[in-house]
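Chemist: Got a predicted model here, sequence first, then my questions.
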Amino acid sequence: MASPHTTNRLPALTHPDGTPIRALVVDDEPSLSELMSMGLRMAGWSVAVAEDGPSAVNQARDFRPDVLVLDVMLPGFDGVEVLGKIRSFLPEVPALFLTAKDAVEDRITGLAAGGDDYVAKPFSVEEVMLRLHRLVQRSGASAQDDAELVVGDLVLNIDTREVTRGGEDIPLTATQFDLLRYLMENPRRVVSKAQILDRVWQYDFGGQANIVELYISYLRKKIDVGRVPMIHTVRGVGYVIKPASGER
């Protein structure tokens, strides 16, 4: 279950008019749906639940969700078909697929069908909630108070894609920006190479995790050289970004 600690450290999201973000959770395992729903409601979201393909489409017509959580395998018709039907009247709604453990084909199929992210079962509710927050922020459905990510004197603007440290502009390529954004969305939290590959490159590099090391080195040259470092390696685990020593 999502703990109060989990929900408290997530940025509060609402629509610009202050109404709750709406999530539609579609899974034929009631216990799993209830677990997800409880976590999202603790975060202040409005949640609808469906257990099969047809009811999911009907729920979406009435509920008008801002984000979808779809199991790939569903009664009636599968999650990929559900997404296609819902996108016919909600073309911009982001979707996160739930897939069987190590079901690479399901992940590829879901992403190829227009899915925005995926999580393999069994999963951490905290991880799913973090990913859903990111999808909603990227979609523009939430109020734009969270357009800026700030860690110490490092500021990243999601809308303008501008990055500054100590007021100095830092030019980044698109991939460098996405990598920095992911790190800054998880300040003081160690993220693994596998998580970075999954979130920034969105597919498995077949063990070529050295690409992560390469791009981390690019970021360090632009952000940390000549300054107190913010990007740190946790040997054998991954990377973490945190304010420079002496900053909060």
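Modeler: Cool, got the structure. Numbering: from 1, shown residues only.
Chemist: Break down this structure into its helices, ranges please.
Modeler: Under the criterion DSSP state H, the chain contains helices at 4-8, 30-42, 53-63, 79-87, 104-112, 125-139, 174-184, 193-196, 210-223.
Chemist: A244 is nearest to which of those?
Modeler: Closest approach to A244 among the helices of the chain (C-beta to C-beta): helix 210-223, 10.3 Å. C-beta here means a position set from N, CA and C on the backbone, and glycine is covered the same way.
Chemist: Output the closest one as PDB - backbone C-alpha positions only.
Modeler: Only the C-alpha atoms of helix 210-223 are listed here, as PDB (Å, rounded to 0.1, in the frame of the first residue of the first chain):
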ATOM      1  CA  ASN A 210      27.400   2.300 -20.400                       C
ATOM      2  CA  ILE A 211      25.200   4.800 -22.400                       C
ATOM      3  CA  VAL A 212      23.900   6.000 -19.000                       C
ATOM      4  CA  GLU A 213      27.500   6.500 -17.700                       C
ATOM      5  CA  LEU A 214      28.200   8.500 -20.900                       C
ATOM      6  CA  TYR A 215      25.300  10.800 -20.500                       C
ATOM      7  CA  ILE A 216      25.900  11.200 -16.800                       C
ATOM      8  CA  SER A 217      29.400  12.400 -17.700                       C
ATOM      9  CA  TYR A 218      27.900  14.900 -20.200                       C
ATOM     10  CA  LEU A 219      25.700  16.300 -17.500                       C
ATOM     11  CA  ARG A 220      28.500  16.500 -15.000                       C
ATOM     12  CA  LYS A 221      30.600  18.500 -17.400                       C
ATOM     13  CA  LYS A 222      27.800  21.000 -17.900                       C
ATOM     14  CA  ILE A 223      26.400  21.200 -14.400                       C
END
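Chemist: what's stretch 42-49 in contact with?
Modeler: With contacts defined as C-beta atoms under 8 Å, 6 or more residues apart in numbering, stretch 42-49 is touched by 2, 4, 7, 10, 12-14, 20-26, 33-34, 36-37, 40-41, 59, 63, 65, 129.
Chemist: in that stretch, what counts as buried?
Modeler: Residues M42, A43, W45, V47, A48, V49 are the ones in stretch 42-49 that count as buried (16 or more other C-beta atoms under 10 Å).
Chemist: Which residue is the nearest non-sequential neighbour of the third one?
Modeler: Distance criterion C-beta to C-beta, 6 or more residues apart in numbering; nearest residue to W45, sequence neighbours excluded, is I21 at 4.8 Å.
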